[in-house]
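Asker: Everything below, folded, please.
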Amino acid sequence: MRGRRTRALTIIGTILVLLATAQPATAAHRTPGGSGHAFEHYVALGDSYTAGPLIPMLRLESLGCARSTGNYPTLLALRLRVRSFTDVSCSGADTTHLTRPQTTLGTNPPQLDALRPGTDLVTLGIGGNDDSVFGRLVGTCPGLRESDPAGAPCREHFTVDGVDTLKAAVTTTGRKVAAVLDEIHARAPRATVLVVGYPRIVPPHGTCPAILPFADGDYAWLDSIETALNDAIEAAVAEDGRSSFVDTYPASLGHDACAGRHAWIQGQHTNPLVAASYHPRFAGMLGVANEVERVLSSRAALPAGR
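Answerer: Numbering: from 1, shown residues only. Predicted structure coming up:
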């Protein structure tokens, strides 16, 4: 029985890889909503929330980036039947890695190098790693829970002279994203550009310390950091005026890391067959792909002149 199951999983995995990497040259192209628009070249840019580390199956190029064939760009490319799809998202990336190489078990070229004048669809998911905000949260907060389980020791740790240093950091992220958008438009002036926000990580009420090992009072604070980050990114998109923001936060209500089998986000324990700790599962990627497709189907997603 075990051997049969293993063979079945292998076959399924192979099919997924073939589907995810296929780039049909003569397939009919479409956009959601039946608009008939044909996207010829789709480029996906972003960090690990785009790349999807440990979501089966791993792409073999740039192993250090841990790009999955089950991430939302791949799902979107398959749905749209784009003629050419390039995924250069990379785990650990911040906004600087859009314009300079990233070294992770090899060198990942600057992500914006994948753009060309004929690129007509771009998705961008970036910002959480700038100033190591996400890294500092998950690297520091669990260790502080025991000191004050019912309080907010991590919020107190990052508050210096009355200033929340992490919230201060994310307010600057918007300016960095705005600069990236300017460069995207310069390199791919015809492209429809969608900037993807981060899905909800913690629940609006309650706690699950076995899954998210933060002090009770730090849950709401962590959520406020993520909200501030999404707000900063959305503001940059609004100021840009030539791109659209994909707000995945509302759709992820009820799918936070505490949501059990409904969770879009993995908790503190890495599962090598599901997802890296504190990162999206396949269900999360599917949910994000749905939101991107929904925004893409609206006329508001298309820049002036398209």
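
Asker: what residue ranges in the stretch 1-150 of the chain are flagged as low confidence?
Answerer: 1-37 (pLDDT under 70).

Asker: contacting residues for the closest residue to residue 97 other than its chain neighbours?
Answerer: Nearest residue to residue 97, sequence neighbours excluded (CB to CB, 6 or more residues apart in numbering): residue 111, at 6.2 Å. Where you see a C-beta, it was placed from the backbone N, CA and C, and this is true even at glycine. By CB atoms under 8 Å, 6 or more residues apart in numbering, the contact list for residue 111 reads 45, 46, 88, 89, 90, 93, 97, 98.

Asker: Quick check on residue 42: phi, psi?
Answerer: phi -110, psi 130 (degrees, to the nearest 10).

Asker: and it, what is it in contact with?
Answerer: Neighbours of residue 42 in contact, by CB under 8 Å, 6+ apart: 73, 76-77, 80, 82, 84-86, 119-123.

Asker: State the distance from it to residue 109.
Answerer: Here the criterion is CB to CB, to the nearest Å. By it, residue 42 lies 18 Å from residue 109.

Asker: Could you do residue 257 as well?
Answerer: 33 Å.

Asker: Looking only at neighbour counts, state which of those two leads.
Answerer: residue 257 (23 against 14; other CB atoms under 10 Å).

Asker: so where's the stretch 201-306 of the chain uncertain?
Answerer: 299-306.

Asker: which residue ranges form the helices in it?
Answerer: With DSSP state H, counting those that start in this stretch as the definition, the stretch 201-306 of the chain shows helices at residue ranges 216-240, 282-297.

Asker: Could you save those as CSV and add columns showing mean neighbour count and distance to residue 188?
Answerer: As requested, these are exported to CSV (neighbours: other CB atoms under 10 Å; distance: least, CB to CB, whole Å):
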stretch, mean neighbour count, distance to residue 188
helix 216-240, 20, 14
helix 282-297, 20, 16
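
Asker: Export the ones you listed to TSV and append columns for distance to residue 208.
Answerer: Listed next are these as TSV, based on distance: least, CB to CB, whole Å:
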stretch	distance to residue 208
helix 216-240	9
helix 282-297	16
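
Asker: Out of these, which is closest to residue 175?
Answerer: helix 216-240 (7.2 Å; CB to CB).

Asker: What is that closest one packed up against?
Answerer: helix 133-144, helix 153-157, helix 165-187, strand 192-196, strand 244-246 (3 or more CB pairs under 8 Å, 6 or more residues apart in numbering; DSSP states H and E).
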